[in-house]
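**Q** Give me coordinates for this.
(one chain, ligands or ions: 2)
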Amino acid sequence: MKKEYLSISYECLSSIGNSFELESMMSEVVITFYQKTKASFVAFYEARDLSVPMIQAGKDAAFTLKQDSDKCYMKEMEDFFVIILPLRSSYMKFIYSKESDISYIFEMICGFSRKINFALSACAGVKELEEFNDELEERVREGVNKIREHENMLLVQSKSAIMGEMLEMIAHQWRQPITSIGMISNNMLFSIVISEDEPLDKPQFQSELEDINKQIKYLSHTIDDFRNFFKESKTRQEIYMDDIVIKSISLLSKQFEQNSIAIEVKNGCQNTLLYTYKNELTQVLLNILHNSKDAFESCRQENKKIAIDCSKKDDEITIEINDNAGGIEESILQKIFEPYFSTKKEKNGTGLGLYMSRIIVTKHLQGEIEAKNSKDGASFIIRMPILKKSEELFE
Ligand SMILES: Nc1ncnc2c1ncn2[C@@H]1O[C@H](COP(=O)(O)OP(=O)(O)OP(=O)(O)O)[C@@H](O)[C@H]1O
Ligand SMILES: [Mg+2]
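**A** Numbers count the residues shown, from 1 in each chain. Ligands and ions are numbered 1, 2, ... in the order given. This is a model prediction of the structure:
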């Protein structure tokens, strides 16, 4: 073989398979073959039945050629030679002038078919892998979104479970002031009726109206408290730990009073400033306090007590809530944080309270929550980092 042919073969061969992306890989092949073999036209067709090439170099000639063979073949036309190279589900077309050394070129092109096919397979494999990867990523994304949606749904569900009880509490908290308002206004009406033509006792009226105002303020304050709690905290905010504890207790105070449950706050966290999701942390405390209240209903305890104890060490805060309602049966202790686990089916317990509490503590507050039995009741312990506004975590 002539030295010149050897160099052309080498250059053409080296142009094959330099990329895993079909278009750029075949562009290099088409252009190299076109330049090195001095072709008048070289083209790559993505499918066997296509007449428009994906990549081409030079000028095509006007002729039709049936492309139905699986073998590399050459056809001599009046002014030029055509070489057709069938490939893996695609093909290449080459046109050479009559002056070309066609037998050498034909042999070389046909000889490269295996390598080109191999490179095409690699491109297809990589493409398939990329598509598979994309699909996999999409599926993971969908999965994560579904879990998130599910968690949000559970959050709403568990919130509305407490909401039912909250409405009951609002009703309890409102009964007394509404009765007072009714009584005061009846008194005033009575005074008007019996006064006949006598002048009314203005200072008396003023003091009664002030009383009514006070009661109305209390009513609207209660509603605001509950409404704020049901708003989702979109962002963290700075708040003192004792404010959260006090707020949680105040939302339940009437219920505890009616059930003669005493709450003791051993506040070792006074003046501990947190940068946290206030409503979510309140929700966790409410879930735990509610469960204690429920537990007292099925235990004979004269001296019902719940103790909340806060302590801090380094950059961590620990909140411990202990009741003396008999504790959690050892056989279910491992299950109480599971979704829908409840021993209160007859009371319509959803079994979401503690599950959501754990999600909130671990995912939103970057902490942990555990339950254990103490001497005469259950004990819930929440640990979480004390985050400062200046060191926001990435979530
Ligand atoms: N302080 C406690 N004392 C005894 N058992 C408890 C206590 N707290 C939780 N449990 C047990 O853990 C279970 C799960 O509690 P969780 O709050 O998740 O659901 P629930 O209270 O049953 O339902 P819901 O919260 O919807 O009212 C309860 O059914 C109860 O058996
Ligand atoms: Mg509960």
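**Q** When you work out contacts or count neighbours from here on, use the C-alpha atoms and nothing else.
**A** Noted.
**Q** quick one, what contacts D242?
**A** By Cα atoms under 8 Å, 6 or more residues apart in numbering, the contact set of D242 is 267, 269-272.
**Q** can you tell me if the longest helix along the chain touches ligand 2.
**A** The single longest helix within the chain, with elements called by DSSP state H, is helix 113-195. No. In terms of Cα under 5 Å from the ion, no part of helix 113-195 sits within range of ligand 2; the closest distance is 8.5 Å.
**Q** and after that helix, which helix or strand comes next?
**A** helix 202-230 (DSSP states H and E).
**Q** from the chain's centre, how far out does that next one sit?
**A** Relative to its parent chain, helix 202-230 has a centroid offset of 42 Å by Cα atoms, centre = their mean, to the nearest Å.
**Q** how many other residues sit next to the residue in the stretch 1-150 of the chain that ligand 1 sits nearest to?
**A** Closest approach between the stretch 1-150 of the chain and ligand 1, counting by Cα to the nearest ligand atom: H150, at 16.3 Å. By other Cα atoms under 10 Å, the residues close to H150 number 12.
**Q** give me the number of residues near the residue nearest to M25 when sequence neighbours are not counted?
**A** Using Cα to Cα, 6 or more residues apart in numbering and skipping the chain neighbours, the partner closest in space to M25 is S19 (4.9 Å). By the criterion of other Cα under 10 Å, S19 has 16 neighbours.
**Q** go on, the one 4 residues further on?
**A** Counted with other Cα under 10 Å, residues neighbouring E23 total 15.
**Q** so which helix or strand takes in it?
**A** Secondary structure assigned from DSSP H and E places E23 in helix 22-36.
**Q** From the chain's centroid, how far away is that helix?
**A** Relative to its chain's centre, helix 22-36 lies at 46 Å (Cα atoms, centre = their mean).
**Q** swap in stretch 293-310?
**A** In terms of Cα atoms, centre = their mean, the centre of stretch 293-310 is set 36 Å apart from its chain centre.
**Q** repeat for stretch 326-338
**A** 29 Å.
**Q** now swap in stretch 253-270 and tell me
**A** Worked out by Cα atoms, centre = their mean, stretch 253-270 lies 36 Å from the chain centre.
**Q** That stretch near ligand 1 anywhere?
**A** No. Judged by Cα under 6 Å from any ligand atom, stretch 253-270 stays clear of ligand 1, getting no closer than 13.0 Å.
**Q** Before I go, just wanted to say thanks for your time.
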